[in-house]
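>>> need a 3D model of the sequence below.
(chains A and B)
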Amino acid sequence: MTRFAILTPTLTSADAVSNDVLMMRRVLSERGHEVRIFAENSSLAGEQIDAPAAALKYLRAKDDVLIYHHSIGCASGVETMRAATCRKVVKYHNVTPPEFFEGISEQHQHLCETGRAQLKDIVAARPDLYLAASAFNRSDLIDAGSEEHKTFVVPPFNQADELRAGEADLELFDTYHDESVNLLMVGGVRPNKGHADLIEAFATYYYHFNSQARLFIVGAGNNAFEPYAAALRRLIDEWSMDSRIVFTGEVSNKSLKSYYLLADALLMTSEHEGFCVPLVEAMAMKVPIVAYASTAIPETAQDAALIWEERDPFLMAQSIDFLQTNEAEKMALVYRGSRRYEENFSNRAIEKCFLDAISLS
Amino acid sequence: MDAQIESDGLDLAQLMAQIRKDAESRKRSSLNNGDPARYRQLIIQNFNAFLAPQISSLPPLKLQPELEKRDRYHVNDLLGFHDEVFVRNAYKVILKREPDDSGMAHFLKNLRNGRYSKLDVLSALRFSAEGENVNAQIEGLSRGSVLRKMYRVPVAGYLLRLAVAIGRLPVLITNFRRLESHSMGQLERVACHINDAVAHLSHEMREQSKANRTHFEALQKQLNDLKGTVQLQIDSLIREHEKLLHNQSATQDELSLRIDLTNHHARKQDEQQERYAAELQALKAQVEKQIDDLIERLQKSRMDIAQQETRLSRLLEGTELTPSAPVQQSHPEQDHLLDSLYFSLEDALRGTPEQIKEEVKVYLPVLEKAGISSDILDVGCGRGEWLQVLREAGFQARGIDTNRILIQQCKELSLDVEEREALEFLGSLSDGSLNAVTAFHFAEHLPLETLVKFLDEVGRALKPGGLIILETPNPENLLVGSCNFYLDPTHKNPIPIPTMKLLLEARGFRCEDVLRLHAVSSTKIEVKDQLTSHLNHFLYGPMNYAVIARKPDTQ
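Numbering: from 1, shown residues only, chains lettered A, B, ... in the order given. Predicted structure coming up:
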């Protein structure tokens, strides 16, 4: 039995990093290890979460393990890594480039600048093991100075298994289950998610291919990004599409399942992703994916999606139309995705990958 | 990737190339003339414009400086402020608090009507009970209040103030000049600010109207582009429509032409088919006739051979009978021992003569059809019913039988009959001297060898094309085969229809017809199913049959 401390800046619902943290704890606990989570902020009810400062007291022995999840500027995280004398693991989820927040949120711009700069500090704390959510993230770590033989790709644990097995919100499903082609984007309303491109692609499909179409943008907003949200609203207004685009805000897993069941395709236009969990959810839920190639997106979806190098809305719209009219190809693509999910991104597969990696440290 | 193509048959690269091609063509036909860059630019420009910070505005005009925060103040620090700001700052510095409403009103009123100078206000605040309590350090503020209080004494106070004022006149003049230049300076700043504001606003308005004009021009251009595109599209649609109409009428013409052609072909085909059918029919008839001729010849040859055989065997036996020298043989007496017995049997078993006469009338049409009216021989003529029927119908016929009693009876009816043995009688006839030979209930009395000889003799004595009619009990009827046949003890064996036909054909005859006769109609079982139908056939079916055969024609 080993003692594990998992440290993360923030713990919140409907968040990829938080899900990874919670599942990691479950996997380690199931193997009889003692695990505690430490975070600066937590909005999860019923979770016993301690402040980062307590982690060093908890980690007494040399072979205890600290796993730090790095996703944004976090002084306490870096400080704990530096001070800890036990075995140290960093899980790198990538940090959004600060430019995205320019003129929108100084606070986030600053946090992201810090987060990116801290990568070097983390490497300087000489972790025993680096876990990167994707090969894209791994190359960031190596650029920052991590040793290649200590740096492994371990995809983030996710909720796709639960989505597959769980119940759907049938009332919601019935509300939108009609003649319309339902398109889906999953991800927080953040400036790096490429919503302008998404709306443009959808408008192109709507005006040039099929006016019986609807777009769900599923994900939490943030008051800090209000100028961005306002700009999106004006853009939608310009296109006269406010009745066809639905911002759902944060949703329960039950509702999320309904949106995936409704979706004819997932559109992913994000401009920066360290892994992109919605792609895995879509593959698990057998929803075809149309995406712009950016950061880790091509790596996560590989040949189970239609991925375009150029950000051309006509390519997006034509892809949607193709999927609507070519059932056989659509099914082949969807089954490729489903296979890819089962082989690489189900929690069972990730668990094996994770345990293999940490047994090396 | 290759493995993927094999496993699910999806070639992603090819598929995406197709989508790219389709997208390009869709783009070309889109309203913005397929210029995605411009299209995109428009959107992104708008988006960036939404995100851009708002236009900077002029800072607000402040005519009095902010009060600097310090531990110690000099009177002059405060005297630079005026009016409300002065009172507020005095409170903040001296009493360390914001002025209350009544205090502010009091001091403002007295300052504005000139009763208090600024120094009066400062002293009043500093040396009030609250001011003493706070004890703020203000340099250059002396009590000097005795003099100031004396000012408030009527008349003397006024004179004192006058004296002091006259004495301080040069200082007052200096102060007044300072105030004047300060006021002018402030006014100048106000004017400058107003000018700046006007300049700023007009600049903004110019910029705005420029932007509006650009935007308007862009919109106008877009509208024109759109108009052009729409016009082009309408034109192309109209052209397309005309082309379609033209194509349609061309297609219609072609179609009707093709229909005509097809109909014509069909008619021709029908005619040809009819012609072929007729030809085929003719061919068939021809072939049938040839087959018939062949069979005829075959049968003729058979009959010839049979007769050659007969002659040969007689020759071998040395008993050749020549037709020119018929043997007149009388039958030995013992052969007639059974004559009377058979006579009574005939009456009992065969039926009444009237009944028989009715039954044998069935053969008249057969003879008529073959054009036979003479040279008919009835072998085993019995009571002569058939000979009577023939005579009544105008046919010329004779009969033979070996039963004396029956012959006697026939002679009494003036029928042309002889008491003769069949083979012997036939042997006495010359070749081809008979048109027809009939033998009713005769064959079943003969042993096979004799029957064959009989057939051979008939074949010889008949003219080519002559008929032989043989009637005999039908063993297909089980009662006949198993029982009734043997009611006549002189019967040898029942002869089934195929056997009879075989014998005739083997001796060179051609079988023309088989008549199944004399079914039992009265005692039939009511037909309910297949079984009863079968039973009816086997038990109550035709009791007799007749084979009608012909001697082949010579070619």
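>>> ok, and the closest non-adjacent residue to A:Cys86?
Of all residues not flanking A:Cys86 in the chain, A:Asp64 sits nearest, at 4.1 Å (C-beta to C-beta, 6 or more residues apart in numbering or on different chains). The way it works is simple: take the backbone N, C-alpha and C, and place the C-beta from them, glycine included.
>>> phi and psi next, for that neighbour.
Note on A:Asp64: its backbone torsions stand at phi -70, psi 160 [degrees, to the nearest 10].
>>> the one 5 residues further on now?
Taking degrees, to the nearest 10, you get phi -90, psi 110 for the backbone angles of A:His69.
>>> can you report how many residues lie near residue 209?
With no chain named, the answer covers chain A. Summarising burial for A:Phe209: neighbours were counted as other C-beta atoms under 10 Å in any protein chain shown, giving 18.
>>> actually, chain B is the one I wanted.
Counted with other C-beta under 10 Å, the neighbours of B:Ser209 add up to 11.
>>> if you look at the strand or helix carrying it, does any of it touch chain A?
B:Ser209 belongs to helix B:169-317 when assigned by DSSP states H and E. No: Helix B:169-317 is not in contact with chain A by C-beta under 8 Å from any C-beta of the partner chain; minimum separation 12.5 Å.
>>> what residues does stretch B:262-280 touch?
Contacts to stretch B:262-280, defined as C-beta atoms under 8 Å, 6 or more residues apart in numbering or on different chains, come from no residue at all.
>>> just give me how far it sits from the chain centre.
Relative to its parent chain, stretch B:262-280 has a centroid offset of 33 Å by C-alpha atoms, centre = their mean, to the nearest Å.
>>> before we move on, the earlier item: what about the helix holding B:Ser209, average pLDDT?
With pLDDT averaged residue by residue, helix B:169-317 scores 88.
>>> my guess is B:Asn403 contacts B:Leu341. True?
No: under the criterion of C-beta atoms under 8 Å, B:Asn403 is not in contact with B:Leu341, lying 9.8 Å apart.
>>> the more surrounded of those two?
Neighbours were counted for B:Asn403 and for B:Leu341 using other C-beta under 10 Å; B:Asn403 has more, 23 against 13.
>>> could I get the contacting residues of the more buried one?
Shown in contact with B:Asn403 (C-beta under 8 Å, 6+ apart): B:336, B:339, B:342-343, B:382, B:419.
>>> swap in B:Asp22?
Taking C-beta under 8 Å, 6+ apart as the definition of contact, the neighbours of B:Asp22 are A:318, A:321-322.
>>> low pLDDT regions in the chain?
Because you didn't say which chain, this covers chain A. A:360-361 (pLDDT under 70).
>>> oops, chain B please
Judged by pLDDT under 70, the stretches of chain B that qualify are B:1-7, B:31-58, B:143-149, B:318-337, B:347-348, B:522-524, B:554-555.
>>> domains in it, as residue ranges please.
With automatic domain parsing serving as the domain definition, the record reports that chain B contains domains spanning B:2-47, B:73-167, B:338-550.
>>> which of the ones you listed sits closest to A:Asp264?
Evaluated with C-beta to C-beta, the domains of chain B place domain B:2-47 nearest to A:Asp264, the distance being 15.8 Å.
>>> what helices or strands is the longest helix along chain A leaning on?
With DSSP state H setting the assignment, residue counts place helix A:106-124 as the longest helix in chain A. Judged by 3 or more C-beta pairs under 8 Å, 6 or more residues apart in numbering or on different chains; DSSP states H and E, helix A:106-124 is in contact with strand A:65-70, helix A:75-83, helix A:135-143.
>>> which of these is buried the deepest?
Across these, averaging neighbours per residue (mean count of other C-beta atoms under 10 Å in any protein chain shown) puts strand A:65-70 on top, at a mean of 26.
>>> against which helices or strands is that strand packed?
Counting contacts by 3+ C-beta pairs under 8 Å, 6+ apart, strand A:65-70 is packed against strand A:3-11, helix A:16-30, helix A:75-83, strand A:87-92, helix A:106-124.
>>> that one: how far from the chain's middle?
Strand A:65-70 sits 18 Å away from the centroid of its parent chain (C-alpha atoms, centre = their mean).
>>> within the sheet, what are the partner strands of the longest strand seen in chain B, with directions?
With residue count as the measure and DSSP state E as the assignment, chain B has strand B:462-473 as its longest strand. Here the strand partners of strand B:462-473, with direction, are listed using DSSP bridges: strand B:434-440 (parallel), strand B:542-550 (antiparallel).
>>> mind listing what's buried in stretch B:188-201?
Of the residues in stretch B:188-201, those scored as buried under the neighbour-count criterion (16 or more other C-beta atoms under 10 Å in any protein chain shown) are B:His193.
>>> hmm, back to that, check the contacts of B:Asn403 and tell me the two furthest apart.
Put simply, by C-beta to C-beta the two of these set farthest apart are B:His336 and B:Gly382, 15.4 Å from each other.
>>> re the thing from before, could the strands paired with strand B:462-473 go into TSV alongside mean neighbour count and distance to B:Lys289?
Shown next, in TSV, are the strands paired with strand B:462-473 (neighbours: other C-beta atoms under 10 Å in any protein chain shown; distance: least, C-beta to C-beta, whole Å):
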stretch	mean neighbour count	distance to B:Lys289
strand B:434-440	25	24
strand B:542-550	22	16
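>>> I'd like the ones you listed laid out as CSV, including distance to B:Leu244.
Output for the strands paired with strand B:462-473, formatted as CSV (distance: least, C-beta to C-beta, whole Å):
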stretch, distance to B:Leu244
strand B:434-440, 86
strand B:542-550, 78
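>>> nearest to A:Ala144, out of the ones you listed?
Of the strands paired with strand B:462-473, the one closest to A:Ala144 (C-beta to C-beta) turns out to be strand B:542-550, at 117.3 Å.
>>> how much does the closest one deviate in direction from helix B:169-317?
With axes from the mean of the first three to the mean of the last three C-alpha atoms, to 10 degrees as the basis, strand B:542-550 and helix B:169-317 are set at 80 degrees to each other.
>>> list the contacts for the residue of chain B most remote from its centre?
If you look at how far each residue of chain B sits from its centre, by C-alpha atoms, centre = their mean, the farthest one is B:Ala156, at 128.1 Å. Going by C-beta under 8 Å, 6+ apart, B:Ala156 touches B:Met150.
>>> separation between it and B:Leu169?
Distance check for B:Ala156 against B:Leu169: by C-beta to C-beta, to the nearest Å, it reads 20 Å.
>>> same deal with A:Arg3?
According to C-beta to C-beta, A:Arg3 stands 92 Å off from B:Leu169.
>>> quick revisit: list the buried residues for the longest helix of chain A?
Residues A:108-109, A:111-116, A:118-119, A:121-123 are the ones in helix A:106-124 that count as buried (16+ other C-beta under 10 Å).
>>> repeat that for stretch B:491-503.
Neighbour counts over stretch B:491-503 (16+ other C-beta under 10 Å) mark B:494-495, B:497, B:500, B:503 as buried.
>>> show residues contacting that stretch.
Contact with stretch B:491-503 is made by B:443-447, B:451-452, B:455, B:470, B:472-476, B:480-481, B:485, B:511, B:514, B:545, B:547, as judged by C-beta under 8 Å, 6+ apart.
>>> all good on my end, thank you.
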